[in-house]
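K.L.:
The sequence isn't on hand, but the structure is:
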């Protein structure tokens, strides 16, 4: 088992297959497949104590897809986590984060207008 930063287990053990993690500038970044998006957010909130939802945004990466990012924080001790996923242009579908973090409801309509909710 290889852990990254302050994660208590490997990214794949916590967030599922095909998940990766890296740490830079005191921000832990975890990339997950789109199908794992809401489960990863739940892990961040429930297992990693990232109860503070800071922001959610997306960038259209030409030739790749929509890179969706959510920045969440554990407050005691302060630990920052950037969760990311890439949604392919050919299948622009991503589950809503609102059931996990209610604050995402303010960000999603503005940041993710090109994505469909399943």
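P.N.:
Great, that's in hand. Being a predicted model, the structure only gives us computed values, none of them experimental.
K.L.:
what sits up against the biggest helix by length in the chain?
P.N.:
Ordering each helix of the chain by length in residues (DSSP state H) puts helix 104-111 first. Helix 104-111 is contacted from outside by 53, 55-58, 68, 70, 96-98, using Cβ atoms under 8 Å, 6 or more residues apart in numbering. In this view, the C-beta of every residue, glycine as well, is placed from N, C-alpha and C.
K.L.:
Pick out whichever of those sits closest to residue 38.
P.N.:
residue 97 (6.4 Å; Cβ to Cβ).
K.L.:
What is the neighbour count of that closest one?
P.N.:
25 (other Cβ atoms under 10 Å).
K.L.:
For it, give me its contacts.
P.N.:
37-38, 41, 56, 70, 104, 108.
K.L.:
The closest residue to residue 102 other than its chain neighbours pairs with what?
P.N.:
Excluding the flanking residues, the one nearest residue 102 by Cβ to Cβ, 6 or more residues apart in numbering is residue 53, at 7.9 Å. Counting by DSSP bridges, residue 53 is bridged to residue 72.
K.L.:
And the pLDDT at residue 53?
P.N.:
Residue 53 carries a pLDDT value of 97.
K.L.:
in this structure, what secondary structure element scores lowest on mean pLDDT?
P.N.:
helix 104-111 (a mean of 87; mean pLDDT, DSSP states H and E).
K.L.:
Since that was my last question, I'll sign off now.
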